[in-house]
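A.B. asks: Next one to model:
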Amino acid sequence: MSGVEFGSSMKKECFHFQEGYTFVNHGSFGAVPLVIQEKQRRLLDESNKNPDIFFRKREKMLYLEARDVASRFLGAKPENLVFVTNTTKGVNCVLRSLPWKKGDGILTTNFTFPANIKACQRLTQYSAGGHFYQFEIRLPIRHEAEVVRNMTSYLDKFSNIRLIDHISSPTALVFPLKEMIAECRKRNVLILVDGAHALGQIAVNLEDLRPDFYIGNFYKWLYSPRGCAVLWVAGEHQTWCTPLATSVMYREGFQLEFMMQGTRDNIPYYLVPAALKFYKDIGGMEKINRYTVNLLEKACLLLEEILGTTGVGIPDSMKAPRIRLVPLPQYEEYQATTDGAKQLNLDIMEKHNVICLVCAVQNQLYLRLSANIYNELSDYERLAEVLCELRRPRITKKAIMLWKSNL
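C.D. replies: Residues are numbered from 1 along each chain as shown. Take a look at the predicted model:
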């Protein structure tokens with residue numbers, strides 16, 4: 001793998017995307033390399049040939065091997081780490097298990113992933129007097145200390161359970177997590193971190209970071225099949241943090257309760273060793289991030305110049321290495337709302353065969369650009385053509401050619 005160049009060569013050799021489409025939205029659903037797909041098929045065949053042997057003998061061995069490999073990669077003790085299908089599932093496991101008391105509250109940011117916001121709202125709605133709070137983050141951000149101050153202003157008012165993102169979605173902000181955890185620790189509050197986009201993009205050492213709970217996906221930036229995430233739980237909470245499903249191993253211990261969740265397809269978990277091997281074989285975090293940061297810098301500059309917008313003002317320390325926000329101009333047919341963003345996204349995908357992500361943030365439409373090892377600048381040039389054509393069709397090709405001539 002180390003001999004395959006990033007860009008079109010990597011896309012051709014290691015992935016299988018539908019012909020005729022441009023993919024710049026890795027962040028939503030990931031992409032599974034061909035070598036991992038093949039291993040997935042082999043394990044599925046094995047489970048189908050003799051289900052009894054697979055589920056009664058092979059599964060536990062495969063699970064523990066994958067857990068141990070994931071633990072080493074994340075700086076975690078194996079006994080503190082379990083698998084879940086995705087971060088939404090992990091967040092709900094923690095929230096539904098909370099020893100809730102009257103008057104307790106949950107604090108999130110206004111940039112917290114919508115599914116997690118709804119999970120918090122549901123919990124407080126049906127609990128005995130629970131409260132849901134959000135502290136606001138406004139763009140632009142001059143310094144990451146602004147985020148910490150906004151959070152602590154709520155911490156000083158309320159005695160709450162906290163939900164904190166590591167990399168926010170869809171706004172692609174890397175939060176100053178260590179400082180935020182430290183402030184929560186001072187006030188004796190629990191910290192639940194949604195690291196859905198962090199694993200693979202940013203170095204994570206969970207025993208050093210030491211939140212109360214940490215959930216992260218392997219399928220977004222670490223190339224496992226979809227349906228693979230991890231939940232890290234500090235030892236003092238493992239007696240009450242349980243899976244959503246009560247199964248045969250109820251009250252048999254934290255690890256067994258999560259491991260034995262009835263008959264289901266856990267194969268994505270068992271491919272973590274293969275996915276991490278692929279990740280390391282192509283160069284690992286440093287090489288991948290070096291490529292994607294450079295690519296995204298050029299892509300953002302291209303889109304901002306062509307579309308006539310100004311970049312998002314955030315500190316370099318809060319920029320994610322493989323996802324960035326790019327402001328979009330006003331479109332007559334698309335309002336700067338969630339519905340407007342969804343419709344623009346669908347039209348770009350269905351009418352122009354470009355897979356991207358459009359979101360609405362604070363009355364402004366944005367692109368959330370993703371970059372990975374199979375992308376190159378031509379992918380973003382195609383996206384720029386489509387976006388420019390939707391707004392100013394007669395100058396699209398001329399504008400792109402002029403920009404390229406100035407490189």
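A.B. asks: how about Leu173, phi and psi?
C.D. replies: phi -100, psi 130 (degrees, to the nearest 10).
A.B. asks: Same question for the one 3 residues further on.
C.D. replies: Its backbone dihedrals place Pro176 at phi -80, psi 80, with angles given as degrees, to the nearest 10.
A.B. asks: who's in contact with it?
C.D. replies: 144-145, 147-148, 317-318 (C-beta atoms under 8 Å, 6 or more residues apart in numbering). For every residue, glycine as well, the C-beta is placed using N, CA and C.
A.B. asks: Centre-most residue in the chain?
C.D. replies: Using C-alpha atoms, centre = their mean, the residue of the chain that lies closest to the mean C-alpha position is His197, 2.6 Å off.
A.B. asks: Before we move on, what's the pLDDT of the nearest residue to Asp212 once chain neighbours are set aside?
C.D. replies: Nearest non-adjacent residue to Asp212, counting by C-beta to C-beta, 6 or more residues apart in numbering: Leu190, 4.5 Å away. As predicted, Leu190 sits at a pLDDT of 92.
A.B. asks: Identify the residues contacting the nearest residue to Leu64 once chain neighbours are set aside.
C.D. replies: In space, and not counting its chain neighbours, Leu64 is closest to Pro78: 7.9 Å by C-beta to C-beta, 6+ apart. Neighbouring residues of Pro78 by C-beta under 8 Å, 6+ apart: 64, 67-68, 71.
A.B. asks: Who wins on neighbours among those residues?
C.D. replies: Greatest neighbour count in the contacts of Pro78, by other C-beta atoms under 10 Å, goes to Arg67: 23 neighbours.
A.B. asks: So it is in contact with Val84, correct?
C.D. replies: No: look at Arg67 against Val84 with C-beta atoms under 8 Å: they stay out of range, at 11.9 Å.
A.B. asks: so where do the helices sit in the stretch 101-250 of the chain?
C.D. replies: Secondary structure of the stretch 101-250 of the chain by DSSP state H, counting those that start in this stretch: the helices cover 114-126, 145-155, 177-186, 206-209.
A.B. asks: Gly20 contacts Asn353, correct?
C.D. replies: Yes: taking C-beta under 8 Å as the definition, Gly20 is a contact partner of Asn353 at 5.5 Å.
A.B. asks: Look at these two and report which has more neighbours.
C.D. replies: Set side by side, Gly20 and Asn353 show more neighbours around Asn353, with 15 against 6, by other C-beta under 10 Å.
A.B. asks: ok, that one to Gly340 distance?
C.D. replies: From Asn353 across to Gly340, the span is 21 Å (C-beta to C-beta, to the nearest Å).
A.B. asks: Could you do Glu19 as well?
C.D. replies: Following C-beta to C-beta, the distance that separates Glu19 from Gly340 is 30 Å.
A.B. asks: what does Ala245 give?
C.D. replies: Distance, Ala245 to Gly340, by C-beta to C-beta: 38 Å.
A.B. asks: The two: which has the busier surroundings?
C.D. replies: Ranked by neighbour count (other C-beta under 10 Å), Ala245 and Gly340 place Gly340 first, with 16 against 12.
A.B. asks: Please look at that one and Tyr366 and confirm they touch.
C.D. replies: No: if you go by C-beta under 8 Å, Gly340 and Tyr366 don't touch, sitting 11.7 Å apart.
A.B. asks: Need the overlap of contacts for those two.
C.D. replies: In terms of C-beta under 8 Å, 6+ apart, Gly340 and Tyr366 are both contacted by the residues Ala360.
A.B. asks: related to what we said a few turns ago, what's the nearest residue to the residue nearest to the centre of the chain if we skip its chain neighbours?
C.D. replies: The nearest residue in space to His197 (C-beta to C-beta, 6+ apart) is Ile167, at 3.9 Å.
A.B. asks: any idea how far Cys356 is from Leu367?
C.D. replies: From Cys356 across to Leu367, the span is 6 Å (C-beta to C-beta).
A.B. asks: quick check: domain ranges of this protein?
C.D. replies: 8-31+284-405, 40-277 (automatic domain parsing).
A.B. asks: residues near Pro315, how many?
C.D. replies: Neighbours of Pro315 (other C-beta under 10 Å): 17.
A.B. asks: residues in contact with it?
C.D. replies: Under the criterion of C-beta under 8 Å, 6+ apart, the neighbours of Pro315 are 141-144.
A.B. asks: Could you tell me the model confidence score at Lys397?
C.D. replies: In this model, Lys397 is scored at 56, pLDDT.
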